[in-house]
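A.B. asks: Pasting a predicted model and its sequence here:
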Amino acid sequence: MGRIIGAVVAGYVVMFVTVFLLMTAAWLVMGADGAFEAGSWQITFAWIAVSIVVSLAAAFAGGRACSAIARDPRGPTYLMGLVFVLGVVFAIPVLTAAPDAMAALGPRPDELPMMDAMTKAQQPAWTALLNPVLGVAGVWLGARKPA
């Protein structure tokens, strides 16, 4: 059981690092103007598309790592459960945010550090609900044995 727990932790770490690196690269390429609507904290469709691709890629890599380490189908299954639960937990603040919360942030400045962008970005509710599904699908695909 220790091997499976270690595999789940390793898979999640792989996912976290992959998301961090790829989203940082996306931010460096796209910048605030590519990630946000003009003068707003609303993210663009381009940023959403990049996020979807990154989410799937990271989950695939995490599933692959977990499967290789666990050598037991329960490892990726537990990782899928963890990804789903955490995805729902992280979606709750987006789904329960007050409608006027964005107005309280004020207009978005032209120059924006990445940390401010991460904490103030306003994503549509559907993307918050999509993330756990993408995570589970990506882990499942990554954990499958190559043909």
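C.D. replies: Yes, it's here.
A.B. asks: so who does Ala117 touch?
C.D. replies: The contact partners of Ala117, taken as Cβ atoms under 8 Å, 6 or more residues apart in numbering, are 27, 32, 35-36. For every residue, glycine as well, the C-beta is placed using N, CA and C.
A.B. asks: Among those residues, which one has the most neighbours?
C.D. replies: Most neighbours among the contacts of Ala117, by other Cβ atoms under 10 Å: Ala35, with 24 neighbours.
A.B. asks: which one is Ala32 nearest to, not counting chain neighbours?
C.D. replies: Nearest in space to Ala32, with sequence neighbours left out and distances taken as Cβ to Cβ, 6 or more residues apart in numbering, is Leu112 at 4.3 Å.
A.B. asks: Please settle this for me: is that neighbour part of a strand?
C.D. replies: No. Leu112 is assigned coil when assessed by DSSP: H, G, I helix; E, B strand; the rest coil, not a strand.
A.B. asks: Name all residues that make contact with the closest residue to Trp47 other than its chain neighbours.
C.D. replies: The shortest distance from Trp47 to any non-neighbouring residue, by Cβ to Cβ, 6+ apart, is to Ala35 (4.5 Å). Shown in contact with Ala35 (Cβ under 8 Å, 6+ apart): 26-27, 43-44, 46-47, 117, 121.
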